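[1] Sequence first, then the predicted structure:
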Amino acid sequence: MAIISRRIDQPNPISDTTSPFPARPSQPHAPRTVIRWDRSRVGAQARVTVRVASAPVMGTGRLASVAWRWVRADDYAGATDFKWLESIRKRRRRTAGVMAGAYALATTYGASMIGGPGALAVAVSTVLGVGTAVEVRKRIKDRPAPMVGDTGRRAAPREQMVVQAAVAAKLGKEEGMRLAKPIVKDGLGWSTVLQLPPGDKARKCLGMEGNFASALGVGETQVVFDLVDGHAGQLVIFVAESDPFLQLYPSPLTRQRAPLDFWQGVPAGINGRGNEERLRLVEASLLVAGEPRAGKSAAVNGIIGAAALAVTPKIHLFDGKGAGDHRPWRKIAHTAVKRNAPALLAHLQEMQAQMERVFDLLDEHGGGTKLTPELCRRFGVDVELTVVDETRYYVTSPQGDEIVDAMVDIASRGPAAGILLVLASQRMTTDAIPGPLKGVCSLRWAMRCPDTTASNAVLGQGAAGAGYNASEIPRTHRGVGILDADGDDPVKLRSYFLDDPDLVAVAEVAYELRRAAGTLPVHGDAAEITDDLASVILAAIGERDRIHTEDLIASLGAGWDAARIATALRPYGVTPGPLKIGGINRQGYRRDALEAALLAA
Ligand SMILES: Nc1ncnc2c1ncn2[C@@H]1O[C@H](COP(=O)(O)OP(=O)(O)OP(=O)(O)O)[C@@H](O)[C@H]1O
């Protein structure tokens with residue numbers, strides 16, 4: 001069904017060469033007569049003639065029908081006081097009778113003045129003229145052409161067009177399809193609520209935005225469907241003026257000059273309706289997946305930036321790709337390790353130990369089952385954010401099984417203790433993101449995926465069928481993804497973007513804020529960041545062949561204790577042993593043992 005009728009200057013379908021008449025032999029020097037038999041034009045002319053001829057009759061009929069409904073007092077059809085209703089009808093019948101009498105009198109008078117047939121013709125044509133005007137006005141109103149707003153730009157379409165587009169897009173049956181709310185200007189577009197025919201479900205329409213956009217004649221990504229709370233048969237339709245996902249949204253973090261409240265959520269990006277989406281990381285672990293160059297690092301950088309500006313969260317970065325995507329954050333990160341699976345395992349085990357400590361604190365102090373900002377201050381603990389980029393590198397390493405077990409534990413129980421996990425992956429296969437791990441990440445962010453299977457692997461089985469398919473995101477829409485937070489319907493958004501200079505600037509502001517708050521990590525300076533904790537320990541041992549654990553702790557600085565050193569070195573098979581230094585026998589470490597283990601790793 002045509003929704004927006006457009007004038008198309010079609011070529012004459014039956015040209016000279018295809019004429020059904022045999023071509024005349026051309027006569028030299030005689031002007032050639034071309035016979036055009038334009039069937040479509042004849043049809044169009046016939047249609048126009050019928051439409052013009054029918055206008056007076058249809059308009060007069062319409063007038064008569066309105067008059068008749070008025071006399072019958074149909075506008076008071078719902079009234080229950082029949083006596084009162086009958087009095088209205090009586091009054092109207094009288095008025096109609098007076099008007100008909102006046103009309104007859106005027107015609108009779110006209111006939112006596114200008115002659116019978118002439119007066120009759122004037123009387124009839126007056127009525128038909130009014131009828132024609134009514135009909136023409138209605139046809140202009142109903143014409144299915146895009147409305148043009150005051151500014152000359154295309155404004156909201158008419159109700160009828162929206163309903164017709166909904167029918168053409170097969171959102172439901174024609175009968176009973178209507179708008180439940182008027183079309184209103186809504187931000188950078190318009191919106192309305194569609195009432196589906198009884199029995200048709202609005203949820204079924206999710207994912208059919210493309211069909212509707214095609215029927216309406218707008219871009220696929222301009223249309224957003226939303227469900228209406230409390231009504232399964234109504235659908236919110238939003239249509240943006242232009243493609244909201246082609247715009248670049250600079251991150252609001254670039255304007256942040258004061259510590260940010262991480263507990264209020266991380267600004268993630270802008271959805272199809274132009275509204276901001278936030279990620280509540282303190283409630284769940286996040287999985288970000290998508291094909292190469294889809295925008296995972298950009299999304300993750302926004303999260304790290306927010307945590308950095310929040311001043312207190314401790315940030316631990318594990319880069320399985322090794323491309324240095326996290327380089328700007330190293331100044332403020334408590335851990336920044338590249339391609340080192342044993343180091344990740346050690347860190348995860350440390351996070352598990354921290355998780356148990358927090359749960360014990362919560363239990364002992366009866367402070368509830370979840371960490372809150374207030375409890376953080378009371379217990380002197382901080383949120384710990386671990387970001388693992390290119391997870392596949394780690395889960396397929398020799399430590400893979402242990403890493404997956406630790407990740408599953410942290411992803412499922414950690415958020416309540418402020419131990420947060422963000423995993424990013426280019427691959428969605430089970431070797432990259434094992435099933436149990438996927439199951440416990442209740443925040444899932446699918447950037448463009450290569451196919452529906454991959455998209456479902458991130459968003460869950462059946463997500464594509466329910467209208468959420470990240471493989472349908474155009475390749476040009478980098479940074480656009482579908483965010484599925486348990487408990488809410490998934491939402492499409494474009495992440496905020498921090499270009500390289502912005503990243504450096506935000507990291508600089510975060511560094512200063514952390515310095516003022518006294519929350520910079522012990523190394524505190526980019527130059528001191530090494531690839532993993534074992535290297536940090538080796539650097540702290542320095543030129544000494546052997547060192548007692550307590551001297552090593554003093555050398556490493558704040559944030560270190562015997563347990564942390566032991567956890568960091570365990571994956572390398574390095575354990576403390578009794579060492580006699582300066583005549584004192586205590587537990588300590590040998591430099592050569594650690595060097596050998598690091599070389600072998
Ligand atoms: N939200 C965004 N807005 C605008 N452009 C973006 C956005 N996100 C990503 N891009 C563009 O896409 C490019 C690739 O993004 P990014 O490096 O984040 O992808 P990736 O998925 O991490 O890639 P890889 O898997 O190869 O590491 C960026 O350099 C940037 O130009």
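    Thanks, I have it. Numbering: from 1, shown residues only.

[2] quick one: what helix or strand has the closest residue in space to residue 434 that isn't next to it in sequence in it?
    In space, and not counting its chain neighbours, residue 434 is closest to residue 404: 5.3 Å by CB to CB, 6 or more residues apart in numbering. For every residue, glycine as well, the C-beta is placed using N, CA and C. According to DSSP states H and E, residue 404 maps onto helix 400-413.

[3] Give me the contacts around that helix.
    The contact list for helix 400-413 (CB atoms under 8 Å, 6 or more residues apart in numbering) reads 285, 341, 344-345, 348-349, 351-352, 355, 359, 386, 388, 394-395, 397, 419, 421, 423, 434, 436-437, 440-441.

[4] would you put the C-alpha positions of it in PDB?
    C-alpha atoms of helix 400-413 as PDB (Å, rounded to 0.1, in the frame of the first residue of the first chain):
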ATOM      1  CA  GLY A 400      42.200 -20.200  31.400                       C
ATOM      2  CA  ASP A 401      40.000 -22.600  33.500                       C
ATOM      3  CA  GLU A 402      41.000 -21.000  36.700                       C
ATOM      4  CA  ILE A 403      40.500 -17.500  35.200                       C
ATOM      5  CA  VAL A 404      37.000 -18.400  34.100                       C
ATOM      6  CA  ASP A 405      36.100 -19.800  37.500                       C
ATOM      7  CA  ALA A 406      37.400 -16.700  39.200                       C
ATOM      8  CA  MET A 407      35.600 -14.400  36.800                       C
ATOM      9  CA  VAL A 408      32.300 -16.300  37.100                       C
ATOM     10  CA  ASP A 409      32.600 -16.000  40.900                       C
ATOM     11  CA  ILE A 410      33.400 -12.300  40.800                       C
ATOM     12  CA  ALA A 411      30.900 -11.500  38.000                       C
ATOM     13  CA  SER A 412      28.100 -13.000  40.000                       C
ATOM     14  CA  ARG A 413      28.900 -12.000  43.600                       C
END
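
[5] Could you give me the buried positions within that helix?
    For helix 400-413, burial by neighbour count (16 or more other CB atoms under 10 Å) applies to 400, 402-413.

[6] The residue nearest the centre of the chain: what's it in contact with?
    Centroid-nearest residue in the chain: residue 492, 1.8 Å away (criterion: CA atoms, centre = their mean). By CB under 8 Å, 6+ apart, residue 492 lies in contact with 221, 224, 245, 271-272, 473, 480-483.

[7] Over to residue 448?
    290-291, 294-295, 470-471, 473-475, 477-478, 480-481.

[8] Using PyMOL, define a selection of the buried residues within the residues you listed.
    Applying 16+ other CB under 10 Å to the contacts of residue 448, the buried members can be selected in PyMOL as follows:
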select buried, resi 290+291+294+295+470+471+473+477+478+480+481
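
[9] Can you lay out the contacts of residue 448 as JSON lines showing distance to residue 252?
    Compiled in JSON lines, the contacts of residue 448 are given as follows (distance: CB to CB, whole Å):
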{"residue": "290", "distance to residue 252": "23"}
{"residue": "291", "distance to residue 252": "27"}
{"residue": "294", "distance to residue 252": "22"}
{"residue": "295", "distance to residue 252": "17"}
{"residue": "470", "distance to residue 252": "25"}
{"residue": "471", "distance to residue 252": "30"}
{"residue": "473", "distance to residue 252": "23"}
{"residue": "474", "distance to residue 252": "25"}
{"residue": "475", "distance to residue 252": "27"}
{"residue": "477", "distance to residue 252": "21"}
{"residue": "478", "distance to residue 252": "19"}
{"residue": "480", "distance to residue 252": "18"}
{"residue": "481", "distance to residue 252": "18"}
